[in-house]
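Novice: Sequence plus predicted model, see below.
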Amino acid sequence: MKLLGAQTSPFTRKARLVLLEKSIPHEFITAPPRDPDSPINGVNPLAKIPALVLDDGDCIFDSTVIAEYADTLNDAPILIPRNDALARMRVRRWEALADGIAEAAVAVRYETARPPEKQDEETITRNNNTLTRSLTHAAAQLGDKPWCEGGTITLADLALTAALVYVNLRQPDRDWRGTHGNLAAWFERMSGRESVRKSLEG
């Protein structure tokens, strides 16, 4: 199978981390969504990344759908709880929080990339406030636990890692590590995982 996406995209990274953690063979193909000649246009009618093209040519799009599908392919590890509705909800809620962090950071990135005279300061402020509030919430929910949910790695950890990698990339001056030491320590540990290192290599 082939995963189409962008190296800097937090949603692409989330999908890649799931595939890598579960040791699912795949080829990563760079497909910039804004390039009119991008291969994403030929596989995803929404022309959005990431997209997972299966060996039979069928295409799965949206990182949440890709993660859910990939998690069913094997049990090593199970990233989304299957037999505990509350645990499953908590993992998916963490994913929603992480995706919201990523979406806010992307919104700020897009707005600040515009010419200064065309930037919407209200959009920038609103999304930066969302980032501050959401990172505070994530740190509080994590506490001193080694994993976001339960006693082992889940999709929650991978989604949050992908979001934080993007925040670091686009807002290097944001001192969330100094403000949330527990989240910083957790992220440092997650950054040492082979899947995360591979996703950063390209």
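Specialist: Looks like it arrived, so ask away.
Novice: what stretches of this protein score poorly on pLDDT?
Specialist: Counting by pLDDT under 70, the chain shows no low-confidence range.
Novice: quick check: domain ranges of it?
Specialist: Per the record, the chain has its domains at 2-71, 85-194, by automatic domain parsing.
Novice: which one of these is the most hemmed in?
Specialist: Neighbour counts (mean count of other CB atoms under 10 Å) averaged over each of the domains of the chain peak at domain 2-71, with a mean of 19. Quick note: C-beta positions are derived from backbone N, CA and C, even for glycine.
Novice: quick one: the helices in the chain?
Specialist: With helices called from DSSP state H, the chain shows them at 10-21, 63-71, 85-112, 121-142, 155-170, 176-179, 181-191, 194-201.
Novice: Output the ones you listed in CSV, with distance to residue 3 appended to each entry.
Specialist: As requested, the helices of the chain are exported to CSV (distance: least, CB to CB, whole Å):
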stretch, distance to residue 3
helix 10-21, 6
helix 63-71, 8
helix 85-112, 17
helix 121-142, 26
helix 155-170, 13
helix 176-179, 28
helix 181-191, 20
helix 194-201, 11
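Novice: For residue 47, find the nearest of these.
Specialist: Residue 47 sits nearest to helix 10-21 of all the helices of the chain, at 14.0 Å, using CB to CB.
Novice: And that closest one, what does it pack against?
Specialist: In this structure, helix 10-21 packs against strand 2-5, helix 63-71, helix 85-112, helix 155-170, helix 194-201, with contacts taken as 3 or more CB pairs under 8 Å, 6 or more residues apart in numbering; DSSP states H and E.
Novice: closest one to residue 18 among the ones you listed?
Specialist: Nearest to residue 18, of all the helices and strands packed on helix 10-21, is helix 63-71, at 4.7 Å by CB to CB.
Novice: Show me the contact partners of stretch 86-97.
Specialist: Counting by CB atoms under 8 Å, 6 or more residues apart in numbering, stretch 86-97 makes contact with 64, 67, 79-82, 134, 137-138, 141, 148-150, 154-156, 159-160, all of which sit outside it.
Novice: Quick one: distance of it to the chain centre.
Specialist: Here the centre of mass of C-alpha atoms in stretch 86-97, compared against the chain's by CA atoms, centre = their mean, to the nearest Å, lies 14 Å away.
Novice: Using PDB, write out the CA atom coordinates for it.
Specialist: Coordinates of each C-alpha in stretch 86-97 appear next as PDB, following Å, rounded to 0.1, in the frame of the first residue of the first chain:
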ATOM      1  CA  LEU A  86     -15.400   4.100  27.600                       C
ATOM      2  CA  ALA A  87     -11.700   3.400  26.900                       C
ATOM      3  CA  ARG A  88     -12.300   3.700  23.200                       C
ATOM      4  CA  MET A  89     -14.100   7.000  23.700                       C
ATOM      5  CA  ARG A  90     -11.300   8.400  25.700                       C
ATOM      6  CA  VAL A  91      -8.700   7.400  23.000                       C
ATOM      7  CA  ARG A  92     -10.900   9.000  20.300                       C
ATOM      8  CA  ARG A  93     -11.400  12.100  22.500                       C
ATOM      9  CA  TRP A  94      -7.600  12.400  22.900                       C
ATOM     10  CA  GLU A  95      -7.300  12.100  19.100                       C
ATOM     11  CA  ALA A  96      -9.900  14.900  18.700                       C
ATOM     12  CA  LEU A  97      -7.900  17.100  21.100                       C
END
